[in-house]
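Asker: Could you work out the structure for the sequence below:
(one chain, ligands or ions: 1)
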Amino acid sequence: MVAEDAILGFLQSQDEIADSHEFAAGLGIDHTELENVIKRLNGFEIIDAQDFKKDNYLLTEEGKLYAVEGSPEVNFFLAVPPEGISLANLKITLDPKVFSIGSSWSKKNNWIEIAKGSVTRKVDAVEDKVKDLLKGIEDGKFVDGNDVAELLKRKLIVKQGDWKDLEFKEYNLNAQGQPIQIGYLQPLLEAWQGAMVREEIQNIFLQMGFEEMPTNNFVESSFWNFDALFQPQQHPARDSHDTFFLKAPATTRDLPEDYVERVKRVHEVGGYGSKGYGYDWKRDEADKNLLRTHTTAVSTRMLYMLAQKKPFMPKRYYSIDRVFRNEAVDRTHLAEFHQIEGVICDHGLTLGDLIGVLEDFFARLGMTKLRFKPAYNPYTEPSMEIFSYHDGLNKWVEIGNSGMFRPEMLLPMGLPEDVNVIAWGLSLERPTMILYGIDNIRDLFGPKVDFNVIKNGPICRLGLQ
Ligand code: PHE
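Answerer: Numbers count the residues shown, from 1 in each chain. Purely as a prediction, here's the structure:
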C-alpha cells in the first residue's frame, strides 16, 4: 500500500512520474514491487503507464573531465572577473581548449560579451548544467531527451552498446563447421550414396530427352522377362538356380493373347526372316511369375505398348530400378541390385547410333575412354559389352551391356519393319563402386552396410572428378 499511496499522492500534484527507478529508490522499495503496483493501477485504468527502457549512455573522456572539473563555458565564465578582462590575458591563463570552447558557449548562453578585445560578464552567476547532467548520467539518473541530444552532439556522451564491453574472438574463416545431425540416405532403399548417383544419372537421361519407364512392379511373368525377349525356355537363366520364381501367385493371369501366339510361333518356327529355335514352346513356362531379373522386362512391355499406338512415334525411355538374381553373394555380387537402362526406338537406327549414344551417355558420367566387345544376348544382335578405362585402377573395367533388339523380338510386337531399337543396361552399383573406390559390394548395399560409412561418405558428382 505504501507504493500505491505514494504513486497516487505524487500524481495529485504532478503530471507524471518520469522515472520509476528513481521513484522506487526515493521510496526505498524494490523496483519490481513498484512495477507490480504500477501495472495493477494501469490495468484498472487508474493511471496511464508506459513501459520504456532507458537508453544507457557512457561519458566520453571529455565528458568525464567536465563531470569533475566543470564545463569549459562555466570555467571560462568564472575566469572573467566582474570588472572584465582582456581576451589576450584570458588566453594566457586558460587552457586553450577551455578558452576556445568556453568562450563560444558562454557567448551563446548570453553569459558574457566580447567587445574590442575584452570580455565582460552579462550575468552575476551561472549554473553548470552540463556538469550536473553529466554527473546525473554517470549515476544512472533519468535525463531529459533534449539534454541527451545536446550532450550527444557535443560528443560528451555516447550510447552504450553491450558489445563494447565484450571481448570478441577473431573470425576463423578456415574453421570447419560441426557436422549436422540430419537424416542420411537409407542404404537398403537407395544403395550407398546411390540416390546421389541415381539422381545424377536420372538428370543425364532427362537432359538427353529420355522418359522414365514405370518400374514399380518387381514381379513379372516369365513371358515379359524372357519369352517376349526371344529368350528360349531352356535357357539356363530361366533355371531356378538363377531366377527367383514366385510360389504365390505362381502364375500370371493376364497376357495379350494374340501377341503371345506370335511370340510362341517365332520361338517354335521363326518368321520375320528368322528360323526360330525349333522347340515346343510351353505356355506354362511363360506364365510363371518371377522377380524380374532385368529391367529389360519393363522395356519390352513398354515397346509392346508403343507398338500398339498408331501411327508410330519415336521414343527414348530410361529406368533405374531394382532387379533380382539367385546368385551366390560375394564381393561383387548381390542377389538384388539396381539396373540402369536406356532404350531408343526410331526409324533406321544403326550400331553407329548405339555407339554414339553410349559415348555421349558415359562421357556425361565422366567416362570418356570406352571400348566395345562383341557379346551375346538372346534378344540383341549385334550385342556389345561396354568397357571403360579406369584411371585409378589403370585398367579396362566392364561397365555395361548393350545391343540392337532383334527383329524376332520387335516384329511380333507390331512395330514397323524399318523401326530399330538400340538399348543398353548397366548396374547402378558398379559405377558407384568404381567412383567411390569401394571393393566390396556389401559395403554399399544390403544388411551389412555400416551407417557410419554412409554418414561420412562424400557426396558424388558424376563427371566432375
Ligand atoms: N538386360 C541386360 C542385362 O541384364 C542389359 C541389356 C539391356 C543388354 C538392353 C542389351 C540391351 O545385363
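
Asker: what about the residue in the chain that the ligand sits nearest to, how many residues close to it?
Answerer: Residue nearest to the ligand within the chain (C-beta to the nearest ligand atom): Gly425, separated by 2.7 Å. C-betas here are computed from N, CA, C, even on glycine. Close neighbours of Gly425, defined as other C-beta atoms under 10 Å, add up to 21.

Asker: Now do the contacts for it.
Answerer: Contact partners of Gly425, counting by C-beta atoms under 8 Å, 6 or more residues apart in numbering, are 294-296, 339-342, 400-402.

Asker: need those residues in a markdown table with neighbour count, can you?
Answerer: Output for the contacts of Gly425, formatted as a markdown table (neighbours: other C-beta atoms under 10 Å):
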| residue | neighbour count |
| --- | --- |
| His294 | 22 |
| Thr295 | 23 |
| Thr296 | 28 |
| Gln339 | 22 |
| Ile340 | 25 |
| Glu341 | 24 |
| Gly342 | 25 |
| Gly400 | 24 |
| Asn401 | 20 |
| Ser402 | 25 |
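
Asker: Downstream of the lowest-mean-pLDDT helix or strand in the chain, the next helix or strand is which one?
Answerer: Every helix and strand in the chain was compared by mean pLDDT, DSSP states H and E; the lowest is helix 187-190, with a mean of 44. Next helix or strand after helix 187-190 toward the C-terminus (DSSP states H and E): helix 194-207.

Asker: So for that following helix, mean pLDDT?
Answerer: Averaged across helix 194-207, pLDDT comes to 80.

Asker: So which other helices or strands are in contact with it?
Answerer: For helix 194-207, the elements it packs on are strand 315-324, strand 336-347, helix 351-364, helix 429-436, judged by 3 or more C-beta pairs under 8 Å, 6 or more residues apart in numbering; DSSP states H and E.

Asker: Dump those into CSV; add mean pLDDT and distance to the ligand as well.
Answerer: Below are those laid out as CSV (pLDDT from 0 to 100; distance: least, C-beta to the nearest ligand atom, whole Å):
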stretch, mean pLDDT, distance to the ligand
strand 315-324, 96, 7
strand 336-347, 95, 6
helix 351-364, 96, 9
helix 429-436, 73, 11
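
Asker: Let's have those in a markdown table, adding distance to Phe76.
Answerer: Conversion of those to a markdown table gives the following (distance: least, C-beta to C-beta, whole Å):
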| stretch | distance to Phe76 |
| --- | --- |
| strand 315-324 | 89 |
| strand 336-347 | 91 |
| helix 351-364 | 84 |
| helix 429-436 | 82 |
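
Asker: just to revisit the earlier point, excluding chain neighbours, what is closest to the residue of the chain closest to the ligand?
Answerer: Nearest non-adjacent residue to Gly425, counting by C-beta to C-beta, 6 or more residues apart in numbering: Glu341, 4.6 Å away.

Asker: what residues does the stretch 251-400 of the chain put near the ligand?
Answerer: Contact residues (C-beta under 6 Å from any ligand atom) of the stretch 251-400 of the chain with the ligand: 294, 296, 341, 377, 380.

Asker: Tell me who's in contact with the closest residue to Leu334 other than its chain neighbours.
Answerer: Of all residues not flanking Leu334 in the chain, Ile441 sits nearest, at 5.5 Å (C-beta to C-beta, 6+ apart). Contacts for Ile441 (C-beta under 8 Å, 6+ apart) come out as 331-334, 337, 429, 433.

Asker: what do you get for Lys448?
Answerer: Neighbour list for Lys448: Arg442 [criterion: C-beta under 8 Å, 6+ apart].

Asker: how about the strands of the stretch 351-465 of the chain, start to end?
Answerer: 370-377, 380-390, 395-405, 419-427 (DSSP state E, counting those that start in this stretch).

Asker: Same question for the stretch 51-200 of the chain.
Answerer: Taking DSSP E, counting those that start in this stretch, the strands of the stretch 51-200 of the chain run over residues 57-59, 85-86, 112-115, 118-121, 157-159.

Asker: just for the stretch 151-300 of the chain, where's the confidence low?
Answerer: For the stretch 151-300 of the chain, applying pLDDT under 70 flags the ranges 162-166, 184-196.

Asker: All the helices of it, in order from the start?
Answerer: Secondary structure of the stretch 151-300 of the chain (DSSP state H, counting those that start in this stretch): helices at 187-190, 194-207, 222-225, 257-268, 283-287, 296-308.

Asker: export those to TSV and tack on distance to Arg121?
Answerer: Putting those into TSV (distance: least, C-beta to C-beta, whole Å) gives the following:
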stretch	distance to Arg121
helix 187-190	92
helix 194-207	87
helix 222-225	114
helix 257-268	121
helix 283-287	123
helix 296-308	107
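
Asker: which one of these is the most hemmed in?
Answerer: Among these, helix 222-225 has the highest mean neighbour count (mean count of other C-beta atoms under 10 Å), at a mean of 24.

Asker: who touches Thr380 in this structure?
Answerer: Residues near Thr380 by C-beta under 8 Å, 6+ apart: 402-406, 423.
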